[in-house]
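Enquirer: Could you work out the structure for the sequence below:
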Amino acid sequence: MKPYADTNFLTAFYSGGIHATQAEQLIQQKATECGGPIAVTFLTRMEVINSFQQQVYFTRNGVPGIHVNPEAAMLEEALFLDDLQDGILIHLMRIEDETLATVFEELVHRHTIKHGFRAYDIMHVASALILGCDTFWSFDTKARKLAELEGLKVN
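Expert: Okay, here's the model as predicted:
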């Protein structure tokens, strides 16, 4: 198993919430079965950092079920960046812009007109394919659907 974890999966793992237990179980399963870090792209890194701060915004604006203060968000970010730095659990992987653009455009032309996929979902699935992943971890229904259409196993 070589999984790709998208932003909402990693956010759930580091921040908790309704999907935290499932995220933890999948990461433990991967560590037990095959070891090796989970690939994180530059895009995912940026999105995850933003997501931690966005949760504070949602908390301040009364979004139900989200209760994150600025200190907790900074701690989550620090843990994420520490894990990225040590490379044991997650590892930053570079993808050439042109390679991503080519696969992205292929997916857009194959699927968006039928299913209305968002650009970021397409970028994540394209990244997973480029990195040779066979599994796609996400809690986003549309992203998982695109991954399945492209032959990836999903959580």
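
Enquirer: Following the chain onward from the helix or strand of the chain with the lowest mean pLDDT, which element is next?
Expert: Lowest on mean pLDDT, DSSP states H and E among the helices and strands of the chain sits helix 20-33, with a mean of 87. Sequence-wise, the next helix or strand downstream of helix 20-33 (DSSP states H and E) is strand 38-40.

Enquirer: So what touches that next one?
Expert: By Cβ atoms under 8 Å, 6 or more residues apart in numbering, the list of residues contacting strand 38-40 from outside reads 3-5, 10, 27, 30, 48, 84, 89-93, 127, 131, 133. Every C-beta, even on glycine, is put in place using the N, C-alpha and C of the backbone.

Enquirer: what mean pLDDT does that strand have?
Expert: For strand 38-40, the mean pLDDT works out to 92.

Enquirer: Show me what secondary structure element comes after that strand.
Expert: Note on strand 38-40: by DSSP H and E, the next helix or strand toward the C-terminus is helix 42-60.

Enquirer: Show me what that following helix is packed against.
Expert: On a contact count with 3 or more Cβ pairs under 8 Å, 6 or more residues apart in numbering; DSSP states H and E, helix 42-60 meets helix 7-15, helix 70-86, helix 119-130.

Enquirer: before we move on, the earlier item: please pick the buried ones from the contacts of strand 38-40.
Expert: Buried subset of the contacts of strand 38-40 (neighbour count, 16 or more other Cβ atoms under 10 Å): 3-5, 10, 27, 30, 48, 84, 89-90, 93, 127, 133.
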